[in-house]
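In: Let's see this in three dimensions:
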Amino acid sequence: FIVWEQELKALTQKVNDAVRQYGADKVGVYIVAFDEIVPIMIQANRHQDLQSVRWYGSDGSAQNEGLIKNIEAAEFAVKTNFLNPIYGLDATDSFKKLEARIVEEIDRVPTSYAQVTYDEFWVAALTLKDGSALQQDDIGSLREAFINTANSYVGVTGRTELNDAGDRKYAPYDFWAVRPEHKDETNTGSFEWTNVAAYPNSMEN
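Out: Now for the predicted structure:
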């Protein structure tokens, strides 16, 4: 907590300098965090200057349950319109079946990366099953076999075709933000994660 408080004080000064130079509407804070996002935002909520700009997260904080369960952290996320991207998936029948099996094992709904990892495993396994790359015994042949497999495979997350940079060619993203849900009997707010935007998938059917 002490370390984060020191960092937040330094961040406040940087934000103030940037706001004076560019204006609050052109300044934002990008934070990459996992469960530590909760105590960080609890403390950030006590720095009013940090509430004046937008905050952006990553897939590490997207849909973090702890964030919406802590009122102070959730209130800060709402004030700063804390936006978090994460890989987006269409709930196909095969996707739903796999998700149900995962839930049985871990007793919670997994993030979308569980299904992505499932497809990654199958692409790797099918690449090795091909055998031609292993017979050549060089990394170039293995790479070529991997690309050919990825470009022809359709898994629970859709087509795994790669672009020239080696990333998935068709990769939709959802953007999640914390929003007030309702007031309870003690007049205390409750919060939920809401899908507020999406980077469209240009994949042709």
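
In: What ranges does the chain have for its strands?
Out: Taking DSSP state E as the test, the strands found in the chain are 28-30, 54-56, 83-87, 154-155, 158-159, 173-183, 189-199.

In: which one of the ones you listed lies closest to G140?
Out: With respect to G140, and counting by CB to CB, the nearest of the strands of the chain is strand 158-159 at 24.3 Å. Any C-beta I mention is one placed from the backbone N, CA and C, and that applies to glycine too.

In: hang on, the earlier thing: mind putting the strands of the chain in a markdown table, mean pLDDT and mean neighbour count included?
Out: Shown next, in a markdown table, are the strands of the chain (pLDDT from 0 to 100; neighbours: other CB atoms under 10 Å):
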| stretch | mean pLDDT | mean neighbour count |
| --- | --- | --- |
| strand 28-30 | 97 | 14 |
| strand 54-56 | 98 | 18 |
| strand 83-87 | 93 | 20 |
| strand 154-155 | 92 | 16 |
| strand 158-159 | 90 | 19 |
| strand 173-183 | 88 | 17 |
| strand 189-199 | 91 | 14 |
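
In: ok, now which ones touch the residue nearest the centre of the chain?
Out: Note on the chain: the residue nearest the mean C-alpha position is D59, at 1.8 Å, using CA atoms, centre = their mean. Neighbouring residues of D59 by CB atoms under 8 Å, 6 or more residues apart in numbering: N84, P85, I86, Y87, T111, Y113.
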